[in-house]
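Q: Fold the stuff below for me.
(one chain, ligands or ions: 1)
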Amino acid sequence: METLPSSPPSSPPEILELDSIKALKILGKGATGTVFLAHDVASTSSSSSPFAVKLVHKSSASSLRRARWEIEVLRRLSVDSNQNPFLPRLLASFESPEYFAWAVPYCSGGDLNVLLHRQNDGVFSSSVIRFYVAEIVCALEHLHTMGIAYRDLKPENILIQQSGHVTLTDFDLSRSLKKPTRPQFYQPDPELSTDRKKSRSFSLLISPAEKNKTGLKKTRSARVNPINRRKTSFSSGERSNSFVGTDEYVSPEVIRGDGHDFAVDWWALGVLTYEMMYGETPFKGKSKKETFCNVLMKEPEFAGKPNDLTDLIRRLLVKDPNRRLGCHRGAAEIKEHAFFSGVRWDLLTEVLRPPFIPLRDDGKLTVGGFDIREHFEKLRTTPSSAPPSPLQSPPHVCRKNDPFIDF
Ligand SMILES: Nc1ncnc2c1ncn2[C@@H]1O[C@H](COP(=O)(O)OP(=O)(O)OP(=O)(O)O)[C@@H](O)[C@H]1O
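A: Purely as a prediction, here's the structure:
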């Protein structure tokens, strides 16, 4: 099923001038790179806003291949006909003998994992879940119609834009597969006027009849706590990562080594939705082995009365990928599920009042900064004698039975 990444027509990328940009802070460190908030000191435009720059050292064949592929995916997503409101685009890129660096729009709201753990009870209401899952479904649908399986869906990879809408990040584990036979492109309604866009809250995505049915009226106000910027991507809610992605999100077919396709993303969507509902993932064990055993054997447990949301999760978490929701007609099948009834899929981007809106503090950040290359080099050459911080990801280890060893 897997094919080599082809090279579709894409516009030449802007060259990122590392000499003229300064980093303002580190946004996060992943397995392969460091992401900085940066600004262009050479820009004369007063409106120039900060952006995110990911820097990856070409230290191994694997990081080199992954970085190249991530840039390629971002480049494809930046072609006009391929842009999607819930996916990033490539602003500019740079390659030296030592590094890859590329810039994407900055998402000031942090990631969904942090947002979830900031909730008092560590869960979202069903209307908030509906908002986020709907946008994520559209993002995955778009990637699938481009022939790309995302393969790393987890709350840490879902960023919140300044507008409160989501953006998926981190495409280094994605893979080019044969395109689904029935593409379902996301098409915003061209007839929407700006007036209609004004003060549209996310709860308005649901028809009044559906609001009664889903109990939406009883939920808290659509506009709740604004979220603060956080220092890094690490939080108390962080899980331990295995070789790729997170063990708790890996699908049964990947563990079995059966070969996998786009349905792995629908499985991960089921795990993610469960986590948003209950504050924990459904198959987490005490060890990686126990987690994988649970993924293969255990049925998810649902506290409380069954409802449309639990039904959606149950159908996404079907162990057999050929019976899983989404396996026949892709995202269209998921969009038709009762949990989403009344959702105006064509209006998602028009919601001006998403559930959480980041505080706006970019303005005061665009002064000074440090040299990204110098900083990165210092980080790499400083021997870490101290024991690893509990907030840091474990080192990237490739083991024989790793599900994604082929990448
Ligand atoms: N555009 C952005 N805006 C704000 N923060 C970002 C942005 N891109 C990435 N980050 C932050 O940096 C972190 C690491 O980014 P990313 O996941 O792309 O790196 P990675 O090295 O591929 O990580 P992983 O180990 O998950 O593969 C993210 O979790 C996020 O917190």
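
Q: what about residue 16, distance to residue 51?
A: Plainly put, residue 16 is 10 Å away from residue 51 if you go by C-beta to C-beta, to the nearest Å. Yep, even glycine has a C-beta here, placed from its N, CA and C like the rest.

Q: Also residue 60?
A: Distance, residue 60 to residue 51, by C-beta to C-beta: 27 Å.

Q: can you check residue 58 too?
A: In terms of C-beta to C-beta, residue 58 sits 22 Å off from residue 51.

Q: So residue 22 lies in a helix, does it not?
A: No - under DSSP: H, G, I helix; E, B strand; the rest coil, residue 22 sits outside any helix and is assigned strand.

Q: I'd say it and residue 36 touch.
A: No - using C-beta atoms under 8 Å, residue 22 makes no contact with residue 36, being 9.2 Å away.

Q: For those two, indicate the residue with more neighbours.
A: residue 36 (27 against 19; other C-beta atoms under 10 Å).

Q: Tell me who's in contact with residue 300.
A: 270, 274, 282-283, 313-314, 317 (C-beta atoms under 8 Å, 6 or more residues apart in numbering).

Q: same deal with residue 309?
A: Residue 309 makes contact with 126, 129, 273, 277, 339, according to C-beta under 8 Å, 6+ apart.

Q: thinking again about what came up before, pick out whichever of residue 16 and residue 51 has more residues nearby.
A: Comparing residue 16 with residue 51 by other C-beta under 10 Å, the one with more neighbours is residue 16, at 24 against 18.

Q: List phi and psi for the more buried one.
A: Reported as degrees, to the nearest 10, the phi and psi values for residue 16 are phi -80, psi 120.

Q: Report the separation between it and residue 66.
A: Residue 16 is 18 Å from residue 66, by C-beta to C-beta.

Q: for residue 28, helix, strand, or coil?
A: Per three-state DSSP, residue 28 ends up strand.

Q: Which stretches in the stretch 251-400 of the chain count as strands?
A: Counting by DSSP state E, counting those that start in this stretch, one finds no strands in the stretch 251-400 of the chain.

Q: Show me which pair in the contacts of residue 300 is furthest apart.
A: Spanning the widest gap among the contacts of residue 300 are 283 and 314, at 13.6 Å by C-beta to C-beta.

Q: And the two? Which one has more around it.
A: Comparing residue 283 with residue 314 by other C-beta under 10 Å, the one with more neighbours is residue 283, at 24 against 16.

Q: pLDDT score for the closest residue in space to the more buried one that isn't next to it in sequence?
A: Spatial nearest neighbour of residue 283, chain neighbours left out: residue 294 (3.9 Å); criterion: C-beta to C-beta, 6 or more residues apart in numbering. In the prediction, the pLDDT value recorded for residue 294 is 97.

Q: do residue 222 as well
A: As predicted, residue 222 sits at a pLDDT of 25.

Q: where's residue 102 relative to the ligand, distance?
A: 10 Å (C-beta to the nearest ligand atom, to the nearest Å).

Q: swap in residue 106?
A: Residue 106 is 5 Å from the ligand, by C-beta to the nearest ligand atom.

Q: list the residues that contact both of residue 16 and residue 51?
A: Joint contacts of residue 16 and residue 51 (C-beta under 8 Å, 6+ apart) are 91, 103.

Q: residues from this protein in reach of the ligand?
A: 27-28, 30-33, 35, 52, 54, 104, 106-107, 111, 156-157, 159, 169-170, 172, 233 (C-beta under 6 Å from any ligand atom).

Q: I'd like to know how far residue 115 sits from residue 72.
A: According to C-beta to C-beta, residue 115 and residue 72 sit 29 Å apart.

Q: so who does the closest residue to residue 372 other than its chain neighbours touch?
A: Distance criterion C-beta to C-beta, 6+ apart; nearest residue to residue 372, sequence neighbours excluded, is residue 23 at 4.7 Å. Residue 23 makes contact with 36-38, 53, 369-372, 375, according to C-beta under 8 Å, 6+ apart.

Q: so how far is the ligand from residue 23?
A: Plainly put, residue 23 is 13 Å away from the ligand if you go by C-beta to the nearest ligand atom.

Q: Residue 376 now?
A: 13 Å.

Q: where does residue 176 fall, phi/psi-wise?
A: phi -80, psi 120.

Q: Please name the bridge partners of it.
A: residue 148 (DSSP bridges).

Q: now the contacts of residue 309 as TSV including distance to residue 96?
A: Below are these laid out as TSV (distance: C-beta to C-beta, whole Å):
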residue	distance to residue 96
126	48
129	43
273	41
277	45
339	48
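
Q: so of the residues you listed, which ones are in helices?
A: Using DSSP state H, 126, 129, 273, 277 are the members of the contacts of residue 309 that sit in helices.

Q: Compare the residues you listed and tell me which has the most neighbours.
A: Neighbour max across the ones in helices among the contacts of residue 309 (other C-beta under 10 Å) = residue 273, 24 neighbours.

Q: Just to check, residue 89 is in contact with residue 104?
A: Yes - Residue 89 is within contact range of residue 104, at 6.9 Å (criterion: C-beta under 8 Å).

Q: in a strand, that's where residue 102 is, yeah?
A: Yes - assessed by three-state DSSP, residue 102 belongs to a strand.

Q: ok, and the closest non-adjacent residue to it?
A: residue 93 (4.0 Å).
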